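Visitor: sequence below, structure please.
(chains A, B, C and D)
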There are 2 protein chains.
Amino acid sequence: MVDKQYEQFIETWGSMGVLWGINRSMARIHAFLITSEEPADLDTIADSLKMSRGNASMCLKELRHWGVIQRVHSPGDRRDSYVAEPDAFKMFFLIGQERKKREFDPALHSVRLLLAEGDPEKRKAVHARLRGLERLLTSIDRVLNKCLQDEKMTKAVLNILKGFVAR
Amino acid sequence: MVDKQYEQFIETWGSMGVLWGINRSMARIHAFLITSEEPADLDTIADSLKMSRGNASMCLKELRHWGVIQRVHSPGDRRDSYVAEPDAFKMFFLIGQERKKREFDPALHSVRLLLAEGDPEKRKAVHARLRGLERLLTSIDRVLNKCLQDEKMTKAVLNILKGFVAR
DNA sequence: ATATAATTTCAGTGTATTTTGAATGGAGCA
DNA sequence: TGCTCCATTCAAAATACACTGAAATTATAT
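Guide: Predicted structure coming up:
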């Protein structure tokens, strides 16, 4: 159903998804939409990727929630169709926001919690280590907050970094 | 076995681990070592975290492979003991290296592969989208390579970003 | 060399997550 | 209002992943 040459991409993106905290089906659908010239509807997606409609439906909902795909309607057609966000940068930005929220913020929070509770005099080595961790994560948090404020900011930061690399 | 106040941290770090591409046991052991004043041996770790020695052994091996813990020996003791990398920055750096290799590089590779095979004239929209994705990922790749070259470089980049945030 | 103590491995088992598909819900149309 | 066509939900089944523990291996001491 899917061109052979695209299959590899879809499956790689799928395996990656697992590492990215997205599940395989979600990532495969996302990849399918990225490599689909036309908007695709639920049936096409489910058939092409050999998965149930139910699963496809759930995944599409979640992908929409991430903001990396959009629902579109062809006039005179009752069915919903979907397209991938065409702007790579926007996609990257959205994924970044979601991942910070899921992965980074809770880590920082738990370190701060522990640091606040612990007695600095007891377990000095542990306290010092946690303090170091908290400092570092706080610096990174500030950078990420600035970056992820809006797309312009992310672009600005990326340009600064590009400049640095070029040196 | 573990102080109540540290338990929360260990469990949070453990759940996080799943998102970070590390499994729960690995992350719990890592957290345990971070919050352990003394080097800990296999038995202590397995007992404290209520897991089998076998599992603990595998996790310790993997954590050593990541470079975020080290094996130490107390003289006159046959057992191996382990300590967490005390420098937060180094830890962050090591995790970054590993994650780039696992998550980022294969994604970029698969996009490039697809781009090389596809005919730019057919499926124009898809090609444009992939081209955009490849450009963006390549920029990021350059930055990451520079960053992860060595710790000094990472520090330099972080400082630049700190400067930007402070503006 | 042998005994002993510790670590590592891995097949089997258990647990958690993902996927299915039948039932349910809901929008448009006559 | 009832009919048709999709989309969505969710309990049950399938699958993937993590963990255990006994056996094999390695390291150290005598």
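Visitor: going forward, measure contacts between C-alpha atoms and count neighbours the same way
Guide: Noted.
Visitor: correct me, but A:P39 touches A:S81?
Guide: Yes. Shown here, A:P39 and A:S81 form a contact pair, counting by CA atoms under 8 Å, at 5.6 Å.
Visitor: which residues do these two both contact?
Guide: Residues touching both A:P39 and A:S81 by CA atoms under 8 Å, 6 or more residues apart in numbering or on different chains: A:V72.
Visitor: give me the element the spatially closest residue to A:E38 that is not a sequence neighbour is part of.
Guide: Computed as CA to CA, 6 or more residues apart in numbering or on different chains, the closest residue to A:E38 that is not its neighbour in sequence is A:V83, at 7.6 Å. In this structure, A:V83 sits in strand A:81-84 according to DSSP states H and E.
Visitor: which pLDDT value belongs to A:M1?
Guide: Here the pLDDT value assigned to A:M1 is 59.
Visitor: measure the nearest residue to A:A27 once chain neighbours are set aside to DNA strand C for me?
Guide: Taking CA to CA, 6+ apart as the measure, A:A27 lies nearest to A:G14, with 4.7 Å between them; neighbours along the chain are not counted. A:G14 is 9 Å from DNA strand C, where distance means CA to the nearest atom of the strand, to the nearest Å.
Visitor: over to A:K122?
Guide: A:K122 is 27 Å from DNA strand C, where distance means CA to the nearest atom of the strand.
Visitor: B:I45 versus that residue, what's the distance?
Guide: Using CA to CA, to the nearest Å, we find A:K122 at a distance of 21 Å from B:I45.
Visitor: which one's more surrounded, the two?
Guide: In this comparison of A:K122 against B:I45, neighbours counted by other CA atoms under 10 Å in any protein chain shown, the higher total goes to B:I45 at 24 against 10.
Visitor: that one: which element?
Guide: Under the assignment here (DSSP H and E), B:I45 is part of helix B:42-48.
Visitor: contacts only, for A:A27.
Guide: In this structure, A:A27 makes contact with A:I10, A:W13, A:G14, A:S15, A:M16, A:G17, judged by CA under 8 Å, 6+ apart.
Visitor: element containing it?
Guide: helix A:24-34.
Visitor: rounded mean pLDDT for that helix, please.
Guide: Along helix A:24-34, the predicted confidence averages to a pLDDT of 97.
Visitor: now stretch A:132-150
Guide: Mean predicted confidence for stretch A:132-150 is 95.
Visitor: next one: that stretch to chain centre, how far?
Guide: When C-alpha coordinates are averaged (CA atoms, centre = their mean, to the nearest Å), stretch A:132-150 and its chain have centres 18 Å apart.
Visitor: ok, residues contacting that stretch?
Guide: Applying CA under 8 Å, 6+ apart, the external contacts of stretch A:132-150 come out as A:93, A:96-97, A:100, A:108, A:111-112, A:153-154, A:157, B:87-89, B:158, B:161-162, B:165.
Visitor: now, these that are in helices?
Guide: The subset of the contacts of stretch A:132-150 located in helices under the criterion DSSP state H comprises A:93, A:96-97, A:108, A:111-112, A:153-154, A:157, B:88-89, B:158, B:161-162, B:165.
Visitor: which among those residues end up buried?
Guide: Listed as buried from these are A:F93, A:Q97, A:L108, A:V111, A:R112, A:T154, A:V157, B:A88, B:F89, B:L158, B:L161, B:V165; burial here means 16 or more other CA atoms under 10 Å in any protein chain shown.
Visitor: dump the residues you listed to TSV, plus pLDDT and distance to B:I34.
Guide: Written out in TSV, the entries for those read as follows (pLDDT from 0 to 100; distance: CA to CA, whole Å):
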residue	pLDDT	distance to B:I34
A:F93	92	32
A:Q97	89	28
A:L108	94	14
A:V111	94	11
A:R112	95	14
A:T154	93	33
A:V157	94	32
B:A88	92	10
B:F89	94	14
B:L158	93	23
B:L161	95	27
B:V165	92	29
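Visitor: return the member of those nearest to DNA strand C.
Guide: For those, the closest approach to DNA strand C (CA to the nearest atom of the strand) belongs to A:Q97, at 19.6 Å.
Visitor: and that closest one, what does it touch?
Guide: Contact analysis of A:Q97 by CA under 8 Å, 6+ apart lists A:L148.
Visitor: what about it, distance to chain B?
Guide: A:Q97 sits 15 Å away from chain B, going by CA to the nearest CA, to the nearest Å.
Visitor: one more: A:E37?
Guide: Computed as CA to the nearest CA, the A:E37 to chain B distance reads 6 Å.
Visitor: you'd agree that residue is up against B:A128?
Guide: No. With contact defined as CA under 8 Å, A:E37 and B:A128 do not form a contacting pair (10.5 Å).
Visitor: for burial, what's the neighbour tally of A:E11?
Guide: Other residues near A:E11 number 18, with proximity taken as other CA under 10 Å.
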